[in-house]
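In: Make a model of this:
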Amino acid sequence: MAEIESLHDFLGKHPMYHRQLAELMGVKTCTVDRWSNQTRRVTERTLKELNRLHHLLSQNPQLREQYVKTLSKVF
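Out: Prediction:
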């Protein structure tokens, strides 16, 4: 399975709202916003956590369904 190298990579594979990712990571939504806006750097530790979540969501479709945005949820 390919490694996640950035927040953009993670959200490309698992599109979700920042508040959902913040909940999964145990951080505030504003922290994810700062990573996304590049006002705060994504650390190696954060990348490791994004990779852990990537593997978890990839192997658990029921969990992924709770967090990942789908077209039916968006419309």
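In: Poorly predicted segments of this protein, please.
Out: The chain contains residues with pLDDT under 70 at 1, 71-75.
In: quick one: contacts for Ser6?
Out: Listed by Cβ atoms under 8 Å, 6 or more residues apart in numbering, the contact set of Ser6 reads 42, 47. Placement of C-beta: from N, CA and C, glycine included.
In: Could you tell me how far it is located from Thr46?
Out: From Ser6 across to Thr46, the span is 10 Å (Cβ to Cβ, to the nearest Å).
In: again, but for Arg52
Out: Taken as Cβ to Cβ, the span from Arg52 to Thr46 is 11 Å.
In: Between those two, point out the one with more neighbours.
Out: Taking neighbours as other Cβ atoms under 10 Å, Arg52 and Thr46 compare with Thr46 leading, 18 against 13.
In: Pull up the gap between that one and Thr70, please.
Out: Going from Thr46 to Thr70 by Cβ to Cβ gives 25 Å.
In: any idea how far the longest helix along the chain is from the chain center?
Out: Longest helix in the chain by number of residues (criterion: DSSP state H): helix 44-59. Here the centre of helix 44-59 is set off from its chain's centre by 8 Å, with Cα atoms, centre = their mean, to the nearest Å.
In: Contacts for that helix next, please.
Out: Against helix 44-59 from outside (Cβ under 8 Å, 6+ apart): 1, 3-7, 9-10, 13-14, 24-25, 35, 42, 63-64, 67-68.
In: Thanks a lot, see you next time.
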